[in-house]
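Asker: Here is my input; please provide its structure:
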Amino acid sequence: MNSLITLILILLPLCLGFFINLPKVYLNIIDKALAWLVYAVLLLIGVSLSQVENLGAQIDTIIGAAALLFVCVIGLNLAVLVWFDRRYPWQSAAAGKKARVGVAGSVKQISCVVSGFLAGRVLQDNWLPPERAGTYCLMLLVLLVGIQLRSSGITLRRVLINRRGVQTAVLTTVSSLLGGLLFAALMPGVSWSRGLALASGFGWYSLSGIVITEAYGPVWGSVALLNDLAREFFALAFIPALMRRHPGAAVGAGGATSLDFTLPVIQSSGGLEMVPPAISFGFIINVAAPFLMVFFSSVHF
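Answerer: Numbering: from 1, shown residues only. Next up is the predicted model:
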């Protein structure tokens, strides 16, 4: 993805989805379709990774780069959001309540990547999926996300009226991009634009894995995927602890998943009053992620 045409190819389905308002009875079908599409995308990422030559020699690079990227991004996220929570205190009435942490979903996602990798290793070339299959799956996934957001009754007014959610989204976005710049400064051979693109996934691993793979190759796609999966693990483990004193940081830790996967953890650990800011935050982040990631991966500086 080296052209701004890609920006249109990814954002157009999202915009189209916003114009499709389905009855709520169909939302369950959309949710199931999204789940299967995520698994399909992760399988395809695994297949792409299996085709990398001398992969064994690059494993250390992948793990090291992903770890550094995660530390840079989540570190700055938490530093800024914790400061903001202390500067403008906002304690949830239910702060400190324990929440169940489920990692089964994340384990399944990693298993899909591993399964795709193994399949790519054993299958003959003529049995492998088309090169653009990942892009087509991603376009359909983004379309369904747009439909889901529109059909869930989330209006723009509802999103923007929650001041705390908007503030958290802006601070998370800015601090994530600063983390990407820090990563580029510390990682040899990484341009500023690549650092910004890698940091723009905000935990949306199915998006970042495909976009970065097609922009910079499977090795960097794996770095983006591992970084965003690590964010999900971190959010599941630490949202309850962060919620006790820093509810804004707890919401921001979830990134794009604060609108869906980590929302139950946010609600159970922070109470119902944390749901509106989490929805506002998650909505903005979900809209910003595809635009920023595709834009930064389409330019070079």
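
Asker: Wait, Ala289 touches Ser206, no?
Answerer: No: using C-beta atoms under 8 Å, Ala289 is not in contact with Ser206; the gap is 10.7 Å. Every residue, glycine included, has its C-beta placed from N, CA and C.

Asker: And the two? Which one has more around it.
Answerer: A count of neighbours by other C-beta atoms under 10 Å puts Ser206 above the other of Ala289 and Ser206, at 27 against 24.

Asker: check which helix or strand covers the more buried one.
Answerer: helix 205-216 (DSSP states H and E).

Asker: Then Phe183?
Answerer: helix 163-186.

Asker: quick one: that helix to chain centroid distance?
Answerer: 13 Å (C-alpha atoms, centre = their mean, to the nearest Å).

Asker: Measure how the very next helix or strand once past it sits relative to helix 205-216, angle-wise.
Answerer: Downstream of helix 163-186, the first helix or strand assigned by DSSP H and E is helix 192-199. Calculated by axes from the mean of the first three to the mean of the last three C-alpha atoms, to 10 degrees, helix 192-199 forms an angle of 160 degrees with helix 205-216.

Asker: in the host helix or strand of Phe281, what's buried?
Answerer: Counting by DSSP H and E, the element that carries Phe281 is helix 275-298. Using 16 or more other C-beta atoms under 10 Å as the test for burial, helix 275-298 gives 277-290, 292-298.

Asker: Val41 touches Tyr136, doesn't it?
Answerer: No: Val41 lies out of contact with Tyr136 (C-beta under 8 Å); the separation is 10.2 Å.

Asker: ok, those two, which is more surrounded?
Answerer: More crowded of Val41 and Tyr136, by other C-beta under 10 Å: Val41, with 27 against 14.

Asker: secondary structure element for that one?
Answerer: helix 27-50.

Asker: Can you tell me the centre-most residue of the chain?
Answerer: Trp204 (1.5 Å; C-alpha atoms, centre = their mean).

Asker: and that residue, what pLDDT?
Answerer: On the pLDDT scale, Trp204 is placed at 80.

Asker: neighbours around Pro13, how many?
Answerer: Pro13: 20 neighbours (other C-beta under 10 Å).

Asker: Can you tell me how far Ala133 is from Met139?
Answerer: 11 Å (C-beta to C-beta, to the nearest Å).
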